[in-house]
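[1] using only what follows, build the 3D model:
(2 chains)
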2 protein chains.
Amino acid sequence: MARKESAAVPVKDSKVMVIGGASLVGSATVEELLSRGATQVVIYDNLSFDGEANIAHLKGDPRVKVVQGDILKLHQLLAATEGLDGIVHLAAFMTLNFDRDPWGGIDVNIRGLQNVLEACRANRVKKLVFASSNAVYGYGHGVKGDLVEDTPFHAAGAPPAAILYGASKIMGEQLCRDAHRKHGQDYVVLRYSTVYGERQHYRAANALYIVETHDAIKRGERPKVIGDGSETKHFVYVGDLARANCMALEAPATDVAVNTSGPAPVTTLELVTLVAELTGRPDLKAELVQPDPTKVRLTSGGAFTIVHKAAKDAIGWEPQVDMREGLRRLLAWRDASLTNAG
Amino acid sequence: MARKESAAVPVKDSKVMVIGGASLVGSATVEELLSRGATQVVIYDNLSFDGEANIAHLKGDPRVKVVQGDILKLHQLLAATEGLDGIVHLAAFMTLNFDRDPWGGIDVNIRGLQNVLEACRANRVKKLVFASSNAVYGYGHGVKGDLVEDTPFHAAGAPPAAILYGASKIMGEQLCRDAHRKHGQDYVVLRYSTVYGERQHYRAANALYIVETHDAIKRGERPKVIGDGSETKHFVYVGDLARANCMALEAPATDVAVNTSGPAPVTTLELVTLVAELTGRPDLKAELVQPDPTKVRLTSGGAFTIVHKAAKDAIGWEPQVDMREGLRRLLAWRDASLTNAG
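    Okay, the predicted model is just below:
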């Protein structure tokens, strides 16, 4: 393929579709695209889970179009992608869902992405941003220290669902590379670390530490930490990812995969303590419990940092919201939601 | 699930199906199963490639049944797996085919295996032997030294097709683990290194060094080596793998993945020199050439050894045929085939 000079797709005056647009990251990304002046933002989503509630506040905007569609149906994708400038593809099974339904996970995470790539090619969509994950480094023994973009995938010692999820993201990244090599498809892969923020749900294994701690404290109970509390989690605030998605579209970069993680990792004990403090109950100290071997929880056991320097170099992105501020926003949203519901 | 005392499936007096049974490894495995006294051996194969020729010598045996079937069609698998004691599952897209058709590779290597697992469960097939690959360690930077069963997957620096193939085998292994955990399915995963032997074809990237060298020497040309010749390949003789497949069925072991590699690695220069010597033209010295960047060749660049100690511990297997003897058999078979064809 002849190389173009730049793969930049400015969001202003563009038409962009967000697949999985009614999700936690999707709804925040739609907001960010609108604030950057997109002329149309298509939310493509099967509207499972909390989808309707997540986008209720966006439906009044005349630039927003909602398509209830399935990425496993190529004809639906072909119809929805006509005339688009860019796509942010977020739809996926995460680890807990993969555990319940491996068929579904493989179909959505791999064949679904292949369908998106077919639709991009057929309708000449200039650029794709694909949401991958730091799960491409695995959750097995040996995941520690600085995780950079060429860190290998550690599988040994991890539960099948976690490995399947990580491997499905590895395959997704390679299908993007293959489409670039064979058809010149421009793309950027963002390897998200664990997301948290407003509209947080209960479906992400790592973020359960936040919502379950908050729930326990609301009930006046001590929050639980699995293991000795020294295990590392590296979160990223949802608004920072929404910016990363837009910056990946707008950057000249193509054919690259970069980490998008928050400012710094926390240990599970630090995280739970911080949630208790922000909830006004620093007296409710964490209780250390043994892991339940029948449940899938991502216990790497290691201490690691997901390095995001390459994202700065490739798309100019850095995280802006630290854990304390991000948690404050998440908890405020939860309190307001509970108040509204009550 | 309640744990059984042993997952052994003795081949004698058993019914075993070999999926991909008309392949290089498949045809040798069928021979080994017959020699161990199986009452029926079902060859399940789509009979693409050289399938018919590979099994022509087996069709006269009344214990052999050939089913032309597709592993993507679950109803065909369900019909073929009734009453079986064990399955050896070999059918897969390898790296070169994955490069030409990623859709096909993902479907066959992942969804195909899922279908096999569904059929095992539905028809209570006691044990599955699944052919994985040392590709689960990747072909990227950093693949060097001893490759053991918990070595991570190195993707950075490898072509997409090689990573897709390796990741598809990682997923396959995890689907086996998941079926064991959820339904008690007994299985053994064998991580084959590069296979060679009688009925060698042109579809395996690494084994091309043998057949292309042999062809060049027959034409009186110097054989070519890509790079400086120091790159390591670790082959395994097809007859040794046929034994490994049977021993994996017969061993009490279950829920385990082990390397099955030959006695020792060779460098590409040693390999090509050995082929020239065995062909009676030691005077035709290897010519070193630069890699063609448009072609997929698996150039890890590293020097590695695939350690097979765990296979000895789990299923009692060790390789018996060294490279010189295995190559002698392969070249004798090629010479006889060419003579017959001429």
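[2] neighbours of residue A:219, how many?
    Neighbour count for residue A:219, taken as other CB atoms under 10 Å in any protein chain shown: 7. (Each C-beta comes from the backbone N, C-alpha and C, glycine too.)
[3] ok, now the one 5 residues further on?
    Other residues near residue A:224 come to 15 when the count uses other CB under 10 Å.
[4] interface residues of chain A facing chain B?
    Applying the criterion CB under 8 Å from any CB of the partner chain, the portion of chain A that neighbours chain B consists of A:102-103, A:106, A:110-111, A:114, A:136, A:138, A:140-142, A:149-150, A:152-157, A:160-161, A:163-164, A:167-168, A:170-171, A:174-175, A:177-178, A:181.
[5] mind listing what the closest residue to residue A:144 other than its chain neighbours touches?
    Across the structure, with CB to CB, 6 or more residues apart in numbering or on different chains as the measure, the residue nearest residue A:144 apart from its sequence neighbours is residue A:302 (3.7 Å). Residue A:302 sits next to A:142-144, A:231-232 when contact means CB atoms under 8 Å, 6 or more residues apart in numbering or on different chains.
[6] show the buried residues in those residues.
    For these, a neighbour count by 16 or more other CB atoms under 10 Å in any protein chain shown gives the buried set as A:142-143, A:231-232.
[7] and of those residues, the nearest to chain B?
    Looking at the buried ones among the contacts of residue A:302 and their distance to chain B, the nearest is residue A:142, at 6.4 Å (CB to the nearest CB).
[8] from memory that closest one sits against residue B:152, does it?
    Yes - taking contact to mean CB atoms under 8 Å, the distance of 6.4 Å between residue A:142 and residue B:152 places them in contact.
[9] give me the common contacts of the two.
    What both residue A:142 and residue B:152 touch, as defined by CB under 8 Å, 6+ apart, is the set A:154, A:156.
[10] check whichever residue of the stretch 151-300 of chain A sits closest to chain B and give its pLDDT.
    Chain B sits closest to residue A:156 of the stretch 151-300 of chain A, with a gap of 3.5 Å, by CB to the nearest CB. With respect to pLDDT, residue A:156 has a value of 90.
[11] and if you look at residue A:208?
    On the pLDDT scale, residue A:208 is placed at 87.
[12] just give me the neighbour total for it.
    Other residues near residue A:208 come to 18 when the count uses other CB under 10 Å.
[13] what residues does residue A:57 make contact with?
    Taking CB under 8 Å, 6+ apart as the criterion, residue A:57 is in contact with no other residue.
[14] from residue A:244, how far out is it?
    For residue A:57, the distance to residue A:244 (CB to CB, to the nearest Å) stands at 22 Å.
[15] and residue A:313, by the same measure?
    Distance, residue A:313 to residue A:244, by CB to CB: 13 Å.
[16] more neighbours: which of those two?
    Neighbours per residue (other CB under 10 Å) separate residue A:313 from residue A:244, with residue A:244 holding more: 29 against 12.
[17] so where's chain A shaky on pLDDT?
    A:1-4, A:294-301, A:340-342 (pLDDT under 70).
[18] longest helix of it?
    Of all segments of type helix in chain A, defined using DSSP state H, the longest is helix A:160-183.
[19] now for that one, which elements pack on it?
    Counting contacts by 3 or more CB pairs under 8 Å, 6 or more residues apart in numbering or on different chains; DSSP states H and E, helix A:160-183 packs against helix A:95-100, helix A:102-106, helix A:112-122, strand A:127-133, strand A:186-192, helix B:102-106, helix B:160-183.
[20] who does the fourth one pair up with?
    The strands that strand A:127-133 pairs with in its sheet are strand A:86-89 (parallel), strand A:186-192 (parallel) (by DSSP bridges).
[21] from the chain's centroid, how far away is the shortest one?
    Centre-to-centre, strand A:86-89 and its host chain are 13 Å apart (CA atoms, centre = their mean, to the nearest Å).
[22] hmm, who's touching that strand?
    For strand A:86-89, using CB under 8 Å, 6+ apart, the contacting residues are A:9, A:11, A:14-20, A:26, A:29, A:81, A:113, A:116, A:120, A:125-131, A:245, A:249.
[23] for that strand, output the C-alpha coordinates as CSV.
    Backbone C-alpha positions of strand A:86-89 (Å, rounded to 0.1, in the frame of the first residue of the first chain) are rendered in CSV as follows:
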residue,chain,number,x,y,z
GLY,A,86,-13.9,7.1,12.2
ILE,A,87,-14.9,4.3,14.6
VAL,A,88,-14.1,3.7,18.3
HIS,A,89,-14.7,0.0,18.9
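[24] buried stuff in it?
    Along strand A:86-89, the positions that meet the burial threshold by neighbour count (16+ other CB under 10 Å) are A:86-89.
[25] okay, these in TSV with distance to residue B:306 next?
    Listed next are the buried residues of strand A:86-89 as TSV, based on distance: CB to CB, whole Å:
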residue	distance to residue B:306
A:86	44
A:87	41
A:88	41
A:89	37
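[26] what is the nearest of these to chain B?
    Nearest to chain B among the buried residues of strand A:86-89, counting by CB to the nearest CB, is residue A:89 at 16.8 Å.
[27] measure the closest one to residue A:188 for me?
    Looking at residue A:89 against residue A:188, where the rule is CB to CB, the gap reads 11 Å.
[28] repeat for residue A:123
    Counting by CB to CB, the gap between residue A:123 and residue A:188 amounts to 19 Å.
[29] when these two are compared, which one has more neighbours?
    Applying other CB under 10 Å to residue A:123 and residue A:188 shows that residue A:188 carries more neighbours, namely 26 against 16.
[30] Three-state assignment for the closest residue to that one other than its chain neighbours, please.
    Take residue A:188 and drop its neighbours on the chain: the residue closest to it by CB to CB, 6+ apart is residue A:248, 4.0 Å away. Put simply, residue A:248 is helix when judged by DSSP: H, G, I helix; E, B strand; the rest coil.
[31] pretty sure residue A:248 contacts residue A:315?
    Yes - with contact defined as CB under 8 Å, residue A:248 counts as touching residue A:315 (5.1 Å).
[32] settle it for me: which of those two has more neighbours?
    Under the criterion of other CB under 10 Å, the comparison of residue A:248 against residue A:315 puts residue A:248 first, with 31 against 24.
[33] next up, the contacts around that one.
    With contacts defined as CB under 8 Å, 6+ apart, residue A:248 is in contact with A:129, A:188, A:190, A:315, A:317.
[34] give me the buried positions along the longest helix of chain A.
    When neighbours are counted by 16+ other CB under 10 Å, the buried residues of helix A:160-183 are found to be A:160-181.
[35] what do you get for stretch A:70-88?
    For stretch A:70-88, a neighbour-count test (16+ other CB under 10 Å) marks A:71, A:74, A:76-77, A:80-81, A:84-88 as buried.
[36] could these go into a markdown table alongside secondary structure and distance to residue B:225?
    Output for the buried residues of stretch A:70-88, formatted as a markdown table (DSSP: H, G, I helix; E, B strand; the rest coil; distance: CB to CB, whole Å):
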| residue | secondary structure | distance to residue B:225 |
| --- | --- | --- |
| A:71 | coil | 45 |
| A:74 | helix | 44 |
| A:76 | helix | 50 |
| A:77 | helix | 46 |
| A:80 | helix | 51 |
| A:81 | coil | 46 |
| A:84 | coil | 48 |
| A:85 | coil | 48 |
| A:86 | strand | 45 |
| A:87 | strand | 44 |
| A:88 | strand | 46 |
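[37] of all those, which comes closest to chain B?
    Nearest to chain B, judged by CB to the nearest CB, of these is residue A:74 at 11.3 Å.
[38] would you confirm that that closest one contacts residue A:117?
    No - Residue A:74 is not in contact with residue A:117 according to CB under 8 Å; the separation is 10.6 Å.
[39] who touches both of these two?
    The contact sets of residue A:74 and residue A:117 do not overlap (CB under 8 Å, 6+ apart).
[40] would you confirm that residue A:185 contacts residue A:179?
    Yes - taking CB under 8 Å as the contact criterion, residue A:185 and residue A:179 are neighbours in contact, 4.0 Å apart.
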